[in-house]
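# Build me a structure from this.
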Amino acid sequence: MADNLYFTEAKETLLRLIAKEYPTLPENLISMLINTFYKFCSYEEESQKIKPRIFITNNIDLLNKNIQNCFRLQLFSDEDEQNFHSRLKSILSFCLNDWTAYIEVKDSKVNYGICKVFNSIKEKPLSQLVFESEELISNEKFNLLYIDTLSSYAVALRGIKGGNIIINFSINDSNFLNRENVIKRFVNASFSKLKTTKNKLNEIKILYENILKRAINNIHGAICVVIDKDFKDTKNFFADGIWLNEPIEFSKTFLMTKSYSEAKLNDIAGLFISMLNYDGITIVDNAGKIRAYNVFIKSDKYGKKNINGGARKRAAYAVINCGLKKVVGVYFHSQDGEIFYEETKK
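Modelled structure (predicted):
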C-alpha cells in the first residue's frame with residue numbers, strides 16, 4: 001500500500017501565522033481559505049490564468065484612508081461566510097487589471113471588494129505602500145493578511161505584524177522564490193552606468209521594478225540580457241534578432257520631472273512588456289536603454305546539456321556561459337514562475 005504524504009507542516013505554519021496576525025478571523029473562513037489556498041497557483045477564469053492578490057482585513061476603510069490615492073469598491077456584503085467561494089470567483093478576475101481583491105470581516109458582516117492605488121507607475125505599488133505605512137503597522141486593532149500568488153506552485157502569505165511565509169506546493173527545494181531580490185539585482189545591473197542624480201536613479205529603479213512585476217503577472221516567460229553600454233557584437237552572437245536603430249532610453253523617457261505624460265509612461269512600459277513577451281531574448285544595456293528584442297542564439301553550442309527545462313532556459317544558460325566580454329548578466333523567468341538573475345561567466 002502506498003504511503004499518503006500531506007503538507008501538514010505548511011498547514012500548521014499557516015494556522016500559526018493567522019493566529020498571530022488575525023486572531024479574530026472566523027474559523028469557518030479560515031477553513032475555507034485553507035481549502036482554497038492551493039487553487040490560487042492554477043487559478044483561471046474563462047481559460048485566462050490569474051494570479052490572485054487578496055487583502056483579508058478587519059478594516060478596509062482604515063487601509064484606504066492611510067494610503068494616498070487609494071480607491072476601494074465594495075461589491076458584496078453577506079451575513080456569514082457561506083458565499084465565500086462564489087464571491088471570490090466574482091472578484092478575482094479584477095486582479096488581471098492590477099486590482100487587489102479584499103475580504104473584510106467587520107460588524108458581523110463579510111464584505112468583498114477590490115482596491116487599487118491610483119498613482120504613477122513611477123511610484124510604489126499598493127502592497128508595498130501598505131507594509132511601509134507606520135499608521136497601519138502601529139495600529140494594534142488593525143488586522144491584515146496579504147495573499148500573493150508567486151507562481152504556478154508557490155503562494156506567499158504576509159501579515160501586517162511581521163509574519164511572512166511562502167508555501168511551496170512543489171517538491172523542488174531550489175531557491176526559485178526570492179523574487180524581490182532577483183528583480184533588484186537585475187534592476188541594479190540595468191542602470192549601473194546611468195549617470196543621473198541619486199533621487200532620479202531611485203525613481204527609475206522603482207519604475208523598472210514595477211514594470212517587471214507587471215510582466216511576471218501577465219506574460220508567459222522572458223529572457224532579458226544586460227550588456228555593457230559599449231558592447232560590440234563582433235562575433236554576431238546576438239545577430240539573429242531585431243536591433244533598434246534608435247534604442248529606447250529609459251533615462252529620457254521616464255525621468256522628465258515637469259512634462260512627462262503618465263499615458264506615455266504606461267505605453268512605453270507596455271511596449272517593453274510586449275518585447276519581453278516575444279519569443280527569444282530582449283537586450284538592454286547598463287545605461288538603461290532597450291537595445292534589441294526577438295533575439296535568438298544557438299544554445300546548443302554554449303548551453304549545458306544537463307539543464308532541466310525548455311528552450312528558453314537553455315538559451316539563458318547559453319548566454320551565461322558564452323564568455324563574451326561586456327555581456328553582464330541574464331534575467332530569466334519561466335511560465336511556471338521560476339525566476340533568477342545570474343551574472344555571466346568570465
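# all helices for this structure, in order.
8-21, 27-37, 60-66, 84-92, 126-131, 134-138, 179-190, 198-218, 250-254, 262-277, 299-302, 311-320 (DSSP state H).
# Pick out the shakiest of those, pLDDT-wise.
Among these, helix 299-302 has the lowest mean pLDDT, at a mean of 60.
# quick revisit: please indicate which of the helices of the chain has the most neighbours on average?
Stretch with highest mean neighbour count among these: helix 311-320 (a mean of 21; mean count of other Cβ atoms under 10 Å). C-betas here are computed from N, CA, C, even on glycine.
# and it, how far from the chain's centre?
22 Å (Cα atoms, centre = their mean, to the nearest Å).
# C-alpha coordinates for it, PDB please?
Provided in PDB are the C-alpha atoms of helix 311-320 (Å, rounded to 0.1, in the frame of the first residue of the first chain):
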ATOM      1  CA  ALA A 311      14.400  26.000 -24.900                       C
ATOM      2  CA  ARG A 312      14.100  29.400 -23.100                       C
ATOM      3  CA  LYS A 313      16.100  28.100 -20.000                       C
ATOM      4  CA  ARG A 314      18.800  26.500 -22.200                       C
ATOM      5  CA  ALA A 315      19.100  29.800 -24.100                       C
ATOM      6  CA  ALA A 316      19.500  31.700 -20.800                       C
ATOM      7  CA  TYR A 317      22.400  29.400 -19.700                       C
ATOM      8  CA  ALA A 318      23.900  29.600 -23.100                       C
ATOM      9  CA  VAL A 319      24.300  33.400 -22.600                       C
ATOM     10  CA  ILE A 320      25.500  32.900 -19.100                       C
END
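# For that helix, enumerate the helices and strands it packs against.
Contacts defined by 3 or more Cβ pairs under 8 Å, 6 or more residues apart in numbering; DSSP states H and E place helix 311-320 against strand 222-227, helix 299-302, strand 327-333.
# Please verify my assumption that residue 216 contacts residue 180.
No. At 11.2 Å, residue 216 and residue 180 do not qualify as touching, with contact defined as Cβ atoms under 8 Å.
# which ones are touching the nearest residue to residue 219 once chain neighbours are set aside?
Leaving aside its sequence neighbours, residue 219 sits nearest to residue 277 (Cβ to Cβ, 6 or more residues apart in numbering; 4.1 Å). Listed by Cβ atoms under 8 Å, 6 or more residues apart in numbering, the contact set of residue 277 reads 215, 219, 220, 222.
# redo that, cut-off 7 Å
Each residue near residue 277 by Cβ atoms under 7 Å, 6 or more residues apart in numbering is listed here: 219, 220, 222.
# Repeat that for residue 142.
Taking Cβ under 7 Å, 6+ apart, we find residue 142 in contact with 59, 62, 136, 160.
# And residue 117, by the same measure?
For residue 117, the contact set (Cβ under 7 Å, 6+ apart) comprises 67, 69, 70, 126, 129.
# Out of the helices and strands packed on helix 311-320, which gets nearest to residue 185?
The stretch from the helices and strands packed on helix 311-320 with the least distance to residue 185 (Cβ to Cβ) is strand 327-333; that distance is 8.0 Å.
# what's the neighbour count on residue 246?
Number of residues near residue 246 (other Cβ atoms under 10 Å) recorded here: 6.
# what about it, distance to residue 185?
To residue 185, residue 246 is 28 Å away according to Cβ to Cβ, to the nearest Å.
# Relative to residue 279, how far out is residue 220?
To residue 279, residue 220 is 10 Å away according to Cβ to Cβ.
# now swap in residue 138 and tell me
Taking Cβ to Cβ, one finds residue 138 at 49 Å from residue 279.
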